[in-house]
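**Q** Next input, structure requested:
(one chain, ligands or ions: 1)
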Amino acid sequence: MTKNTPVLECENVVKELGKGAGKVVALKGVNLALAKGELTLLMGPSGSGKTTLLSILGCILTPTSGIVRVAGESTEGKTAEELANLRRKHIGFIFQSYNLFPTLSAFENVRIALDVIGQKGYPAARRAEEVLRDVGLGHRLRNFPSNLSGGEQQRVAVARAIAAQPSVVLADEPTAALDSENGHAVMALLARVAKEQDRCVLAVTHDPRTLGYADRVVRIEDGLIVGEERRPQGLDAPEITDLTKRRKANA
Ligand SMILES: Nc1ncnc2c1ncn2[C@@H]1O[C@H](COP(=O)(O)OP(=O)(O)OP(=O)(O)O)[C@@H](O)[C@H]1O
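**A** Model (predicted):
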């Protein structure tokens, strides 16, 4: 993989869902290439195929036809286990509803994600702590999800997604359950995750508050990419600076 190879891409991806009379062509030939160091938003009306595309790029669903490449590696012909390995190695996921284990602390939620990929013991514990400090939660390591705000829970979810250093982070409506301040904080964090850590971050969203953080906005309608715009961003955006300050204060 050369420096300019897209870290995540799909070519002519078609996806049929359902059967018989209920069959829907959710994606009708999607081409998309995503680079490192960028936060891309995928926006479009309800039912346009956003979640289907995110699931295909994340190797959760396989396309009916077309090609997906993760870190330069084609997913074509791979078994479910090989796809799971590709996913574990390269992709971190963030969901609207955080999906944290309610009976585990913030620290344990992150550490268990490392455990699943074979990183155990002291190095994993140290990494879990480091990444939680990095998202501004150094003072909340032992808190359970029920004792964290929605924004803090989502930041634990971001920490969990990036703990194993994936080259790609996929987020499905990451701000939908958050109030304004927390929505901004999480988007600032995702922008930083993309830029400072040279990752490809793709977020499906309906939320107009997210626009100011994006490098690129891709629009999908009725299973097809219908347009995109570039939005030059810098780490000097006020919210990002604020978050960085807060993170340092929490460390
Ligand atoms: N399991 C399924 N069987 C049949 N059709 C499905 C299935 N899942 C989704 N669809 C259809 O595929 C199309 C794309 O759905 P998808 O969930 O990807 O859209 P979306 O843009 O994420 O929508 P939303 O913003 O409402 O979450 C829709 O028409 C949806 O009804």
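**Q** Contacts only, for the most centrally placed residue in the chain.
**A** The residue lying closest to the centre of the chain (Cα atoms, centre = their mean) is Leu170, at 2.3 Å. Each residue near Leu170 by Cβ atoms under 8 Å, 6 or more residues apart in numbering is listed here: 54, 57-58, 91-94, 201-203. Yep, even glycine has a C-beta here, placed from its N, CA and C like the rest.
**Q** of those, closest to Gly223?
**A** Leu54 (13.5 Å; Cβ to Cβ).
**Q** Same list (the contacts of Leu170) but as a markdown table, adding neighbour count.
**A** Converted to a markdown table, these look like this (neighbours: other Cβ atoms under 10 Å):
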| residue | neighbour count |
| --- | --- |
| Leu54 | 20 |
| Leu57 | 27 |
| Gly58 | 23 |
| Ile91 | 22 |
| Gly92 | 26 |
| Phe93 | 19 |
| Ile94 | 23 |
| Val201 | 31 |
| Leu202 | 25 |
| Ala203 | 27 |
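**Q** which residues pair with Val30 across the strands?
**A** Val13 (DSSP bridges).
**Q** Phe95 too?
**A** Beta bridges link Phe95 to Asp172, judged by DSSP bridges.
**Q** Check the gap between it and the ligand for me.
**A** 12 Å (Cβ to the nearest ligand atom, to the nearest Å).
**Q** Specify the local secondary structure of the closest residue to Cys10 other than its chain neighbours.
**A** Nearest residue to Cys10 in three dimensions, chain neighbours excluded: Val68, at 4.8 Å (Cβ to Cβ, 6 or more residues apart in numbering). Three-state call for Val68 (DSSP: H, G, I helix; E, B strand; the rest coil): strand.
**Q** Surely Val68 and Gly58 touch.
**A** No - between Val68 and Gly58 there is no contact under Cβ atoms under 8 Å: 9.4 Å.
**Q** Quick check: residues of the stretch 51-200 of the chain near the ligand?
**A** Counting by Cβ under 6 Å from any ligand atom, the residues of the stretch 51-200 of the chain close to the ligand are 51-52.
**Q** Wasn't the residue nearest to the centre of the chain part of a helix?
**A** No - using three-state DSSP, the assignment for Leu170 is strand, not a helix.
**Q** Can you give me the distance of it to Cys59?
**A** 10 Å (Cβ to Cβ, to the nearest Å).
**Q** between these two, what contacts are shared?
**A** Contacts common to Leu170 and Cys59, judged by Cβ under 8 Å, 6+ apart, are Ile91.
**Q** Just the contacts of Leu170: which are in helices?
**A** 54, 57 (DSSP state H).
**Q** would TSV of the contacts of Leu170 with distance to Gly136 and pLDDT be doable?
**A** Listed next are the contacts of Leu170 as TSV, based on distance: Cβ to Cβ, whole Å; pLDDT from 0 to 100:
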residue	distance to Gly136	pLDDT
Leu54	26	97
Leu57	28	97
Gly58	26	96
Ile91	23	95
Gly92	18	95
Phe93	20	95
Ile94	16	93
Val201	18	96
Leu202	23	97
Ala203	19	96
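**Q** Run through the helices of the protein in chain order.
**A** According to DSSP H, the helices that the chain contains are 50-57, 80-90, 106-116, 121-134, 150-162, 180-196, 238-250.
**Q** for these, which one ends up most surrounded?
**A** Looking across the helices of the chain with neighbours counted as mean count of other Cβ atoms under 10 Å, the highest average goes to helix 150-162: a mean of 25.
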